[in-house]
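[1] Sharing a sequence plus its predicted fold:
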Amino acid sequence: MATGGFCKLPDGRVVVALNLPRPTAADPAHGVRVLVHAHNRARALTRLRNLGLRAVYLRGNAAPPTPDEITAVLHHPDGLIWRTAPDLRVAPTAPELWRPIRALLRPAAA
């Protein structure tokens, strides 16, 4: 089950944040946090679906983007970034850098 949320910006656009299971991880606890900047929630989800993430839905606002996450996605030219979702079961470590979505969808090197 994916959790996520959104934040409406003063200009009317939105930033959508989703926690998704990582496609290549054997352990379902390892997921990714994806951020999308778009005109509205429907367009944000359409951007993800057009990249091949077909079963992406946003129900509720349980995990909205933090101010730091909003800043990160607004400053990225594509407006679509991801990083490994933090594991809340272990002690916090240094945060991972945000990556462009192409790095997530690229096939793994053999």
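    Arrived safely. Everything numeric in this text was worked out from a predicted model, so none of it was measured.

[2] Determine how far the lengthiest helix in the chain lies from the middle of the whole chain.
    As assigned by DSSP state H, the longest helix anywhere in the chain is helix 41-50. In terms of CA atoms, centre = their mean, to the nearest Å, the gap separating the centre of helix 41-50 from the centre of its chain is 12 Å.

[3] I'd like to know which elements that helix is packed against.
    Counting contacts by 3 or more CB pairs under 8 Å, 6 or more residues apart in numbering; DSSP states H and E, helix 41-50 packs against strand 14-21, strand 31-38. The C-beta positions use only the backbone N, C-alpha and C, and glycine is treated the same way.

[4] So for that helix, what gets flagged as buried?
    Of all the residues in helix 41-50, those buried under the rule 16 or more other CB atoms under 10 Å are 44-45, 47-48.

[5] In a markdown table: the helices and strands packed on helix 41-50, plus mean neighbour count, mean pLDDT and distance to A72.
    Listed next are the helices and strands packed on helix 41-50 as a markdown table, based on neighbours: other CB atoms under 10 Å; pLDDT from 0 to 100; distance: least, CB to CB, whole Å:
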| stretch | mean neighbour count | mean pLDDT | distance to A72 |
| --- | --- | --- | --- |
| strand 14-21 | 21 | 90 | 10 |
| strand 31-38 | 22 | 91 | 7 |
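
[6] Nice, that's everything, thank you.
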